[in-house]
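Student: Coordinates for the following, if possible.
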Amino acid sequence: MKKKKILNQYGIFFVFLIITVFNACEIIEDDPVNPSEELGTVLWTYSDFNVNPEATDPVSITAPAIGTDGTIYVALFDRIGAEWQNGKVHAINSNGTFKWASPELDGAYVSDPVVGSDGTIYVICSTTIYALNSTDGSFIWTYQPPANNNEQHDIGWLTLGNDGQVFFAHIASGAYARKIYALNNFGQVIWKRDVGWGANNLVVGIDGTLFAYWLENGDINTFGAFDPANGTTKWSIVTESYPRGSAISPNGDIVISQDYPDKLIRIDASTGEFIWEVDAPDGYPSISPDGSISIVSSDLYCYNSDRTLKWQTGPYVGGISKIAIDSDGNLYGSITDHGDGNFQVYKPDGSLRWAISQGITTLHCPAIGSDNVIYVTTSSLPAATIYAIQGDKPLASSGWPRDTGSNKNSRNINPY
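Tutor: Model prediction:
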């Protein structure tokens with residue numbers, strides 16, 4: 001909006017005031033080539049999750065997933081006093097209206113929802129995996145690994161295979177919590193494989209191979225590849241430490257962000273051979289279509305595919321969310337600096353493209369729909385909220401543009 005005020009009757013002095021307002025947000029844009037009045041507009045927010053008003057903590061909400069029809073899926077749980085309440089999965093239409101809420105899950109801690117190729121929604125809650133109908137949220141099936149000595153063990157790292165397999169792993173240590181599982185899309189066990197303790201960082205490569213980390217014999221850091229059809233080992237290697245995050249590069253190589261000593265490591269997916277490593281902060285990698293690797297720590301780092309540092313920003317006191325990457329290689333994330341939350345978009349060269357100061361504080365990775373709308377979830381007070389923000393690019397369709405691989409959170413590089 002532009003206002004021109006004549007300060008005296010002779011019109012000698014003029015003051016031009018230009019005010020741009022987007023839903024009471026301040027927008028900062030640095031893209032003179034393609035400026036857009038709509039860019040950064042908060043289209044809608046949703047926080048009516050019908051949670052218990054007596055909850056003593058903010059409602060915990062997961063990162064979003066987006067279905068083929070544009071539906072947004074999240075899971076939530078809260079706490080009353082010292083008691084965590086059972087979680088639910090919620091589906092929200094792309095216009096910000098309620099679609100459905102699932103029955104209660106048997107526990108509080110819920111994974112990010114994962115969308116299957118047929119639209120089925122999968123989540124893990126504590127010791128059980130759930131398959132939900134995308135139409136109404138009803139349970140299609142549930143599966144809980146057998147107990148050992150009447151003791152159940154937590155599972156995690158829900159990952160989908162090229163042929164509809166549902167992979168997950170025991171994530172705790174202990175004598176009986178040492179398996180990786182593969183189910184079919186009917187919830188039946190295809191195979192289960194004994195590995196070491198605390199298996200994690202499951203990802204699926206271009207040819208469908210399943211990769212994972214585990215602690216062999218309780219003390220040997222191991223990363224390996226499994227045949228998705230039967231669980232047999234293709235190769236395994238010893239690493240210095242465990243990975244904070246892992247991803248698949250556009251050419252199929254595995255990229256691991258290792259914790260203590262902090263390193264970024266590139267591995268040949270076919271052989272397990274180390275291609276390169278470089279000292280780098282540990283974090284959750286996202287990979288652009290050109291192979292550039294972004295890592296979030298107190299700073300945001302971007303590395304070229306040959307391990308050289310491309311650029312970095314920060315440091316930020318408060319944290320940075322996991323990063324999403326659009327089709328042009330722009331990077332999206334929430335920056336919390338000294339308590340102030342801003343949603344920011346960086347160009348591939350590290351310069352700021354645009355930002356909004358909406359007070360969005362979150363560590364979850366945003367999702368970006370095919371209609372260019374950006375979805376951000378936050379558990380900040382006063383309530384868990386989904387923000388829908390107008391963008392101008394879709395999520396990248398190649399590379400590893402979110403920490404979970406795609407908008408469907410499948411941890412699989414192959415789109416479907």
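Student: Tell me where this protein is predicted with low confidence.
Tutor: Of all residues in the chain, those with pLDDT under 70 make up the ranges 1-37, 51-53, 55-56, 58, 150, 173-177, 317-318, 338-340, 381-382.
Student: Hmm, residue 282 is touching residue 261, no?
Tutor: No - contact criterion CB atoms under 8 Å: residue 282 and residue 261 do not qualify, at 9.1 Å. For glycine as for every other residue, the C-beta is placed from the backbone atoms N, C-alpha and C.
Student: out of these two, which sits in the more crowded spot?
Tutor: Taking neighbours as other CB atoms under 10 Å, residue 282 and residue 261 compare with residue 282 leading, 22 against 10.
Student: residue contacts, that one?
Tutor: If a contact means CB atoms under 8 Å, 6 or more residues apart in numbering, then residue 282 has 244, 245, 257, 258, 259, 260, 262, 263, 295, 297 as its contacts.
Student: now swap in residue 122 and tell me
Tutor: 113, 114, 115, 116, 129, 130, 131, 132, 158, 160, 166.
Student: Next, count neighbours for the fourth one.
Tutor: Here the count is done by other CB under 10 Å, and residue 116 has 18 residues near it.
Student: re earlier: tell me which of the contacts of residue 282 is nearest to residue 92?
Tutor: residue 245 (27.0 Å; CB to CB).
Student: Phi and psi next, for that closest one.
Tutor: Residue 245 adopts backbone torsions of phi -150, psi 160, taken as degrees, to the nearest 10.
Student: swap in residue 393?
Tutor: phi -140, psi 150.
Student: Tell me the spacing between the closest residue to it other than its chain neighbours and residue 282.
Tutor: In space, and not counting its chain neighbours, residue 393 is closest to residue 326: 3.8 Å by CB to CB, 6 or more residues apart in numbering. Note on residue 326: its distance to residue 282, by CB to CB, to the nearest Å, is 25 Å.
Student: Over to residue 383?
Tutor: With CB to CB as the criterion, residue 383 and residue 282 are 32 Å apart.
Student: and of the contacts of residue 122, the nearest to residue 414?
Tutor: residue 160 (9.5 Å).
Student: wait, what's in contact with the closest one?
Tutor: 114, 116, 117, 122, 166, 167, 204, 408, 410, 411, 412.
Student: So the fifth one sits against residue 182, correct?
Tutor: Yes - in this structure, residue 166 sits in contact with residue 182. The criterion is CB under 8 Å, and the distance is 7.2 Å.
Student: Wait, residue 293 touches residue 256, no?
Tutor: No - Residue 293 is not in contact with residue 256 according to CB under 8 Å; the separation is 10.6 Å.
Student: can you list residues touching both of these two?
Tutor: residue 264.
Student: who does residue 388 bridge with?
Tutor: Residues in a beta bridge with residue 388, per DSSP bridges, are residue 44, residue 375.
Student: Now do stretch 64-80: distance from first to last residue.
Tutor: Stretch 64-80 has an end-to-end distance of 24 Å (CA to CA, to the nearest Å).
Student: okay if I get the contacts of residue 122 as TSV plus distance to residue 99 and secondary structure?
Tutor: What follows is the contacts of residue 122, written out as TSV (distance: CB to CB, whole Å; DSSP: H, G, I helix; E, B strand; the rest coil):
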residue	distance to residue 99	secondary structure
113	13	coil
114	17	strand
115	14	strand
116	17	coil
129	22	strand
130	17	strand
131	18	strand
132	12	strand
158	21	strand
160	22	strand
166	23	strand
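Student: closest to residue 240 among the residues you listed?
Tutor: Nearest member of these to residue 240, counting by CB to CB, is residue 158, at 26.9 Å.
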